[in-house]
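[1] take a look and give me a structure for this.
(one chain, ligands or ions: 1)
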Amino acid sequence: MDLFYRSTRNSETRVKASEAILKGLCDDGGLFVPEKIPSLQYSLKELSEMDYRGVAYAVMKEFLTDFTEEELKHCINSAYDEKFDTEEIAPLTEADGAFYLELFHGKTIAFKDMALSILPHLMITSAKKNKITNDIVILTATSGDTGKAALAGFADVEGTRIIVFYPKDGVSPVQKLQMVTEKGKNTMVVGVNGNFDDCQTNVKKMFANRELNDAIGKEGFQFSSANSINIGRLVPQIVYYVYAYTRLLENERINDGEKINVVVPTGNFGNILAAYYAKNMGLPINKLICASNENKVLFDFFKTGTYDRNRQFILTTSPSMDILISSNLERLIYHIAGNDPDKNRAFMESLRETGKYDITDEMKENLNDFCGFYASEAQTAEKIHELYENTGYIIDTHTAVAGSAYDQYVKETGDETPTVIASTASPFKFTKSVMTAVDQKYASVEDDFELADELSKIGNVEIPNAIEEIRNADILHKTTCEINEMQSVVEEYLKK
Ligand SMILES: *Cc1c(COP(=O)(O)O)cnc(C)c1O
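    Here you go, the predicted model:
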């Protein structure tokens, strides 16, 4: 039976997975949601005997029902291969009473690789299935990690081009270097004089702009999105929660059916939404703990039921979470409103017009799976420091936000449920903040590569390839623009 996808904003749209992947965003500005969240068709025991690719197939086949077995297996095998520096793909490390699920062993050393190494394959397969002859233009706004992961995934993929907008002064030096040294011939990287929300808002506008879409159509192009709103991003992210659970089971750290908690450092709400889908597929998850940095819109939302973006945007040491509009939250709002597009649309209109909305008490009750915590900059640094002192294990700033949130959760609830913390980036990606947290003496070291060498030494971990690659690479992308120039940059690039 085919699973269809609907829009979070109207009741007419109904498309197959491959069409939803190609389009990224619905025409009405809504997000695609599965008509029904499917159940796992294998027992936890059976899943624990599969490797990462096996689990990926077991999970993804339930969502991408218009892909043949051969097509989907080809996509999975092309994505989860030696590009990852460990055969486990997403290994678990136990430290100080929690299991860190390391999602940073791919090409760009952040968790975005988990989905963006497979998305290009899903997209090309979808294009073939739907007899698309236009070149696909991936238009992406990034808070730092999506950009490079998408560039790495789509670089030199025939029939595609990719344009990445990043906040010029809102990403880490390593993140920036990774993007501006990208060699792919079909790539364009642009620094925007604005923040991530500015980039994301304007990218969304371009997707929804009929005139622009018609104009590029005449040139033989069509837009698609590699942002975390694409279900081709969301579905592969469900896999590693199932995988993590089954590794704990396999290693006898939990009993079959025993519940676990999941803590996710959250920005755009994609990663934690995937955990929510995993839970709804039947994975025994107790609490989904949503961790925010000082941009704590989500913390406030879970506490009060009011989503309010009217506040100061704060630049933190966990830049990939510096977000005030968490796009994927719209899917959760739709679900907790009883899969009601009209209700959801009203909230989203309110968000657009006033920057806020209040959910109903009834909807609030449907949020019981979640709880929200946040970590200040000081708490984030303290977590890195403390974990290193206690165990020698070094985590990055985003993961530390989650670690701190978890500590607060345990303190508040006394809950002893085994807990998986999504570790979303390698500490090598945020060397300066990480090393300064480990020891204040590193604050005076200016050179990120010198710090990387030191991190490798004191943490007893090899320097990832992604860092070696950019040590001496040439800067190839120097374009910058103002917020209101983003569209003309795109138009210019597609004329060539
Ligand atoms: C993108 C990102 C996040 C936030 O994930 P969302 O799916 O946007 O909530 C957290 N940490 C890192 C390192 C990231 O790159």
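[2] which parts of the chain sit against the ligand?
    Contacts of the chain with the ligand, taken as Cβ under 6 Å from any ligand atom, map to 110-112, 145, 228, 265-271, 320-321, 398, 424-425. All C-beta spots, glycine's among them, are computed from the backbone N, C-alpha and C.
[3] give me the subset of those residues lying in strands.
    Among the residues of the chain next to the ligand, DSSP state E puts P265 in strands.
[4] distance-wise, check the closest residue to L329 other than its chain neighbours relative to I333.
    The spatially closest residue to L329, leaving aside those adjacent along the chain, is F269, at 4.5 Å (Cβ to Cβ, 6 or more residues apart in numbering). Note on F269: its distance to I333, by Cβ to Cβ, to the nearest Å, is 10 Å.
[5] quick one: contacts for T140?
    Going by Cβ atoms under 8 Å, 6 or more residues apart in numbering, T140 touches 146-147, 150, 162-165, 203, 225-227.
[6] helix, strand or coil for it?
    strand (DSSP: H, G, I helix; E, B strand; the rest coil).
[7] what is the burial count for the residue lying closest to I260 once chain neighbours are set aside?
    In space, and not counting its chain neighbours, I260 is closest to P418: 5.0 Å by Cβ to Cβ, 6+ apart. A count of nearby residues for P418, using other Cβ atoms under 10 Å, gives 18.
[8] again, but for P341
    Neighbour tally, P341, other Cβ under 10 Å: 22.
[9] D27 too?
    A count of nearby residues for D27, using other Cβ under 10 Å, gives 14.
[10] and if you look at I285?
    Neighbour tally, I285, other Cβ under 10 Å: 21.
[11] how near is it to the ligand?
    According to Cβ to the nearest ligand atom, to the nearest Å, I285 and the ligand sit 17 Å apart.
[12] give the contact list for that residue.
    241, 259-262, 275, 278-279, 369.
[13] same deal with A58?
    Per Cβ under 8 Å, 6+ apart, neighbours of A58: 40-42, 47, 50, 242.
[14] can you tell me which of the contacts of I285 has the most neighbours?
    Y241 (30 neighbours).
[15] distance of the residue lying closest to that residue once chain neighbours are set aside from the ligand?
    Spatial nearest neighbour of Y241, excluding adjacent residues (Cβ to Cβ, 6+ apart): A278 at 4.0 Å. Relative to the ligand, A278 is positioned 14 Å away (Cβ to the nearest ligand atom).
[16] please save the CA atoms from the host helix or strand of A278 in CSV.
    If you go by DSSP states H and E, A278 is part of helix 270-280. Only the C-alpha atoms of helix 270-280 are listed here, as CSV (Å, rounded to 0.1, in the frame of the first residue of the first chain):
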residue,chain,number,x,y,z
GLY,A,270,14.1,18.4,12.3
ASN,A,271,16.3,16.0,14.3
ILE,A,272,14.0,15.8,17.2
LEU,A,273,10.9,15.5,15.0
ALA,A,274,12.6,12.4,13.5
ALA,A,275,12.8,10.9,17.0
TYR,A,276,9.1,11.7,17.5
TYR,A,277,8.4,9.8,14.3
ALA,A,278,10.6,6.9,15.5
LYS,A,279,8.5,6.8,18.7
ASN,A,280,5.3,6.8,16.7
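[17] what helices and strands are in contact with the host helix or strand of I76?
    Element membership of I76 [criterion: DSSP H and E] is helix 69-79. Judged by 3 or more Cβ pairs under 8 Å, 6 or more residues apart in numbering; DSSP states H and E, the packing partners of helix 69-79 are helix 52-63, helix 119-129.
[18] mind listing what's buried in it?
    By 16 or more other Cβ atoms under 10 Å, the buried positions in helix 69-79 come out as 71-73, 75-76, 79.
[19] what's in contact with that helix?
    53, 56-57, 60-61, 64, 67, 117-118, 121-122, 125, 129, 236.
[20] my read: the residue nearest to Y241 touches P236, true?
    No - in this structure A278 lies outside contact range of P236 using Cβ atoms under 8 Å: 11.8 Å.
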